[in-house]
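J.: Can you look at this prediction? I've put the sequence above it.
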Amino acid sequence: MVPIRPWRALAWMAAGALLTLVAMGAVGLLVVEDGLFSASAVTPHGAFLGWATHTTMIHSVARSARDAPAPRRFSQAQVAQGFRLYDRHCAMCHGGPGLPRESWTRGLSPTPPYLLDAARRWTPAQLKVIVADGVKMTAMPAWSLTLGEAETWDLVAFLEALPYLSAADYQAMRRISPYRCSISFGQAGAFCRNTGIPPECDIGRWRYNGGVPGGA
């Protein structure tokens, strides 16, 4: 038996790898040109594609967030302004404490997630990236094209407070500070009594320091 020289073995391996890549490219082109991939929002992504896109998004956000340092603390005024923005632009898709999403969001693929615990799954900087830049292949828009830098951080401030708000708190905030009107911060005491969120100078239940509420 004639031994196969090492360079010939490497050549066969390279040829095999090249043929595999060509075959994969041909299959991919067939899927694109023949419309074999369903673009219908009625059919959700398969398990692998869903995992791949979501995992890619998580790592992409984490990478981008390195250049988006968060404020050391968020004020009550930022939380209030963030609430108004959230109630106007976000609640229809993401709901709120005791507030369901609009029924038409079931037609979106992927379905927009509830954000009640978003601050426990993402850092403030990562939330800022998601809010400002949006997410491809979802219905999440890039709010930086509509809102200013300060407003996107206001939304993050509210998301940081959201896990600690009850349904009653959310409705109280709606009564005191509906998004169609501006809040009078001279009445901050009433706002705090109804929401349980004191101004940043208060010594109370919540402090927003580095995005982590805690006892004063």
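T.: That came in fine, so what should we check first?

J.: Just give the nearest non-adjacent residue to residue 53, would you?
T.: Distances taken as Cβ to Cβ, 6 or more residues apart in numbering place residue 137 nearest to residue 53, at 5.9 Å, with adjacent residues excluded. (Glycine included, C-beta is placed from N, CA and C.)

J.: Wait, a helix at the one you found?
T.: No: going by DSSP: H, G, I helix; E, B strand; the rest coil, the assignment for residue 137 is coil, not a helix.

J.: Please tell me I have it right and it contacts residue 56.
T.: No: Residue 137 sits out of contact with residue 56 when judged by Cβ atoms under 8 Å, with a separation of 9.7 Å.

J.: how many neighbours does residue 174 have?
T.: The criterion is other Cβ atoms under 10 Å. On that basis, residue 174 has 16 neighbouring residues.

J.: Okay, residue 46 and residue 37: tell me how far apart.
T.: 10 Å (Cβ to Cβ, to the nearest Å).

J.: correction: residue 88
T.: Relative to residue 37, residue 88 is positioned 35 Å away (Cβ to Cβ).

J.: ok, now residue 154?
T.: Using Cβ to Cβ, we find residue 154 at a distance of 39 Å from residue 37.

J.: Between these two, which has more neighbouring residues?
T.: The residue with more neighbours, out of residue 154 and residue 37, is residue 154; 25 against 10, by other Cβ under 10 Å.

J.: ok, the more buried one - contacts?
T.: In this structure, residue 154 makes contact with 78, 79, 81, 82, 85, judged by Cβ atoms under 8 Å, 6 or more residues apart in numbering.

J.: Touching, residue 101 and residue 94? I think so.
T.: Yes: under the criterion of Cβ under 8 Å, residue 101 lies in contact with residue 94, with a separation of 6.6 Å.

J.: Of the two, give the one with the bigger neighbour count.
T.: A direct count of neighbours by other Cβ under 10 Å for residue 101 and residue 94 places residue 94 higher, at 21 against 18.
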